[in-house]
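[1] Let's see this in three dimensions:
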Amino acid sequence: MTSDEGWLAAMWPFVRAWLPSAPARVLEIGCGPLGGFVPALSRGGYDAVGVDPEAPEGPGYHRVQFERYQSPQPVDCVVACTSLHHVGDLDLVLDLVGAALVPDGAVVVVEWAWERFDEATARWCFARLAPPEPASEPAWLHRRREDWAAAGQPWDACCQAWATHEGLHTGRAITRALDARFDRRLWTYGPYFFADLLDTTEADEQAAIDAGQIHPDDRHPVRRHAALKRSLPARHPRGLPAAGRFEAGQRQVGRVGLR
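    Numbers count the residues shown, from 1 in each chain. Next comes the predicted model:
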């Protein structure tokens with residue numbers, strides 16, 4: 001099982017618990033080359049579509065940016081799993097999410113609060129990395145470790161410079177943007193790195209969080225669409241990126257520059 005497959009398997013119970021009942025229409029933003037949760041959604045009787053430039057070919061997938069996707073009808077739920085921190089214009093994307101939903105639709109978001117990735121957490125992760133595969137591109141945590149070693153800077157400065165270069169939105173910024181448009185139903189923090197670490201389970205990372213050794217970096221928010229909270233734009237060509245919990249939460253598969 002790859003790290004992406006392990007991550008999807010670990011996040012699916014949370015996402016599934018906050019979905020409307022099948023056969024609701026569900027759109028996943030940023031489903032990635034594995035198809036994200038779309039296969040599991042389809043098996044569960046949902047009318048599911050995944051939107052991502054790197055989505056698989058085939059029925060139920062649209063290989064396009066969310067901002068360019070034209071949904072044929074409103075959906076009951078949008079799922080965004082670690083994709084919102086990558087989008088260029090967060091406000092535009094979330095306005096489009098609101099426009100894509102039915103009036104009482106749900107948004108489930110799983111996101112990464114990268115600003116909580118402090119030195120203690122980084123060292124804990126780096127100590128649990130598998131040796132790099134020969135003749136293969138280093139994984140994202142290997143690259144972060146190599147960049148830090150080469151930078152000659154404190155970890156916080158190195159991480160901030162990388163996130164700025166990548167154009168990553170902070171968890172705080174994503175939270176504010178979601179709160180401005182949707183009513184919050186649930187918000188939790190949890191493990192994020194375990195799928196990329198050697199012989200490390202979600203429970204192992206949670207134990208380290210509980211012991212105060214590392215910060216929880218994964219946010220799992222769940223939200224319901226609040227049409228009166230903020231006026232939304234008229235429907236226009238759009239695309240959906242992401243996956244998560246608010247009826248929204250966090251981490252990205254089919255990631256760009258992160259993993």
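[2] show me where the stretch 151-259 of the chain has strands.
    Assigned by DSSP state E, counting those that start in this stretch, the stretch 151-259 of the chain shows strands spanning 182-190, 218-225, 244-245.
[3] which one of those strands has the lowest average pLDDT?
    Mean pLDDT per stretch puts strand 244-245 lowest among the strands of the stretch 151-259 of the chain, at a mean of 32.
[4] remind me which residues of this structure are low pLDDT?
    217-259 (pLDDT under 70).
[5] can you give me the helices for it?
    Along the chain, the stretches classed as helices by DSSP state H are 3-17, 38-43, 90-100, 119-126, 140-151, 155-166, 171-179, 202-210.
[6] Specify the stretch among those that is closest to residue 64.
    Residue 64 lies closest, by C-beta to C-beta, to one member of these: helix 90-100, at 12.7 Å. Backbone N, C-alpha and C define where each C-beta goes, glycine included.
[7] residues of the closest one that come out buried?
    For helix 90-100, a neighbour-count test (16 or more other C-beta atoms under 10 Å) marks 90, 93, 94, 95, 96, 97, 98, 100 as buried.
[8] Tell me the one of those residues nearest residue 62?
    Looking across the buried residues of helix 90-100 and measuring by C-beta to C-beta, the closest to residue 62 is residue 100, at 12.6 Å.
[9] about what we covered before: adding distance to residue 23, write the buried residues of helix 90-100 out as JSON lines.
    Shown next, in JSON lines, are the buried residues of helix 90-100 (distance: C-beta to C-beta, whole Å):
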{"residue": "90", "distance to residue 23": "31"}
{"residue": "93", "distance to residue 23": "26"}
{"residue": "94", "distance to residue 23": "26"}
{"residue": "95", "distance to residue 23": "27"}
{"residue": "96", "distance to residue 23": "24"}
{"residue": "97", "distance to residue 23": "21"}
{"residue": "98", "distance to residue 23": "23"}
{"residue": "100", "distance to residue 23": "18"}
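[10] and which of the residues you listed is nearest residue 131?
    Once C-beta to C-beta is applied, the member of those that ends up nearest residue 131 is residue 90, at 36.6 Å.
[11] quick revisit: let me know which of the helices of the chain is the nearest to residue 29.
    For residue 29, the closest of the helices of the chain is helix 90-100, at 7.5 Å, according to C-beta to C-beta.
[12] which helices and strands does the closest one pack with?
    Packing contacts for helix 90-100, counted by 3 or more C-beta pairs under 8 Å, 6 or more residues apart in numbering; DSSP states H and E, involve strand 25-29, strand 75-81, helix 171-179.
[13] and of the ones you listed, who's closest to residue 164?
    helix 171-179 (12.9 Å).
[14] starting at the chain centroid, how far to the closest one?
    Helix 171-179 sits 13 Å away from the centroid of its parent chain (C-alpha atoms, centre = their mean, to the nearest Å).
[15] Tell me the buried residues in that helix?
    Residues of helix 171-179 classed as buried: 171, 173, 174, 175, 177, 178, 179 (neighbour count, 16+ other C-beta under 10 Å).
[16] pretty sure the second one is touching residue 90, no?
    Yes: checked against C-beta atoms under 8 Å, the pair residue 173 and residue 90 is within contact range at 6.7 Å.
[17] and which of the buried residues of helix 171-179 is nearest residue 17?
    Ranked by distance to residue 17 (C-beta to C-beta), those are led by residue 178 at 18.6 Å.
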